[in-house]
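*Asks:* Here is my input; please provide its structure:
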Amino acid sequence: MAAIQIVYPGSLLAQEGQVAAGEGCYTRNGKVYSSLAGVVSVQDGVVRVVQSKENTVVPRIGDLVTGKVTKISKRIVHLNIMLVNQTPLESPYKGLLRIEDVRAIEKDAVDIARSFRPNDIIVAEVLSMGDSRNYYLTTAKEHLGVIYATSVAGYPMKPYNWQEMVCVHSGIREWRKVAKPEADIA
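*Replies:* So this is what the prediction gives:
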């Protein structure tokens, strides 16, 4: 039995020649990417990303959520929560990441614009239920932060260190609050 693969928007699924892009997918520069949060399905040479029909998962305090940054201001990051504990959502919840919840140390030195950019994909922990419209989130642990980003030129980036990502195309580094990869966590 094949393992279930859960993906989020921007996840690389395959090279274009290996499979054709179906529902919930798009091609760019000869590669097939997910345009939705959901489960990967490959059938008859076509890859699809399928979302669940129900949005029964509700974030709780302490849950890990994956979200896409929609807007940043001087003190707050706005995001759409797409996954709760690796479970895809039918429709996103709203989340807020306040400047004081970005890092555990040197909180007064945090610069939101250097830590996150619109369209970054981040992993955060639910801190509180927030107000009636938003969950309050934190990235103040080393395994929380940006897990996927694109450079100013539009190319994917990979982690360089805990506060920088590097463009895979140009090698140019950009500031981010980078999540430590799970394989590196002791």
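*Asks:* Let me know the outermost residue of this protein.
*Replies:* D44 (29.1 Å; CA atoms, centre = their mean).
*Asks:* contacting residues around it?
*Replies:* If you count contacts by CB atoms under 8 Å, 6 or more residues apart in numbering, D44 has none. Where you see a C-beta, it was placed from the backbone N, CA and C, and this is true even at glycine.
*Asks:* what are the pairing partners of the helix or strand where M165 lies, and which direction each?
*Replies:* M165 is located in strand 164-167, with elements delineated by DSSP states H and E. Sheet pairing of strand 164-167 (DSSP bridges) gives strand 157-161 (antiparallel), strand 173-175 (antiparallel).
*Asks:* thinking again about what came up before, compute the distance between the residue farthest from the centre of the chain and A20, please.
*Replies:* Using CB to CB, to the nearest Å, one obtains 9 Å as the distance from D44 to A20.
*Asks:* Would you check how far apart K68 and A124 are?
*Replies:* Where A124 is concerned, K68 sits at a distance of 11 Å (CB to CB).
*Asks:* Tell me which of these two has more neighbours.
*Replies:* For K68 versus A124, neighbours defined as other CB atoms under 10 Å are more numerous around A124 (27 against 20).
*Asks:* Ramachandran coordinates for that one?
*Replies:* Dihedral pair for A124: phi -140, psi 170, per degrees, to the nearest 10.
*Asks:* how about the residue lying closest to it once chain neighbours are set aside, what does it touch?
*Replies:* Spatial nearest neighbour of A124, excluding adjacent residues (CB to CB, 6 or more residues apart in numbering): L137 at 3.9 Å. L137 makes contact with 65, 67, 79, 95-97, 101, 124-127, according to CB under 8 Å, 6+ apart.
*Asks:* Mind doing that once more with 10 Å?
*Replies:* 59, 63-65, 67, 77, 79, 81, 95-98, 101-102, 122-128, 130, 144 (CB atoms under 10 Å, 6 or more residues apart in numbering).
*Asks:* likewise L97?
*Replies:* L97 neighbours (CB under 10 Å, 6+ apart): 67, 69, 72, 75-79, 112, 115-116, 122, 124, 127, 134-140, 144, 177.
*Asks:* in its sheet, what does the worst-scoring helix or strand of the chain on mean pLDDT sit against?
*Replies:* Least confident helix or strand, the chain: strand 6-7 with a mean of 78, by mean pLDDT, DSSP states H and E. Strand 6-7 has these partner strands in its sheet, going by DSSP bridges: strand 38-43 (antiparallel).
*Asks:* Tell me the predicted confidence for E106.
*Replies:* The model reports E106 with a pLDDT of 76.
*Asks:* From I72, how far out is it?
*Replies:* For E106, the distance to I72 - CB to CB - is 19 Å.
*Asks:* Thanks again, I'm all set now.
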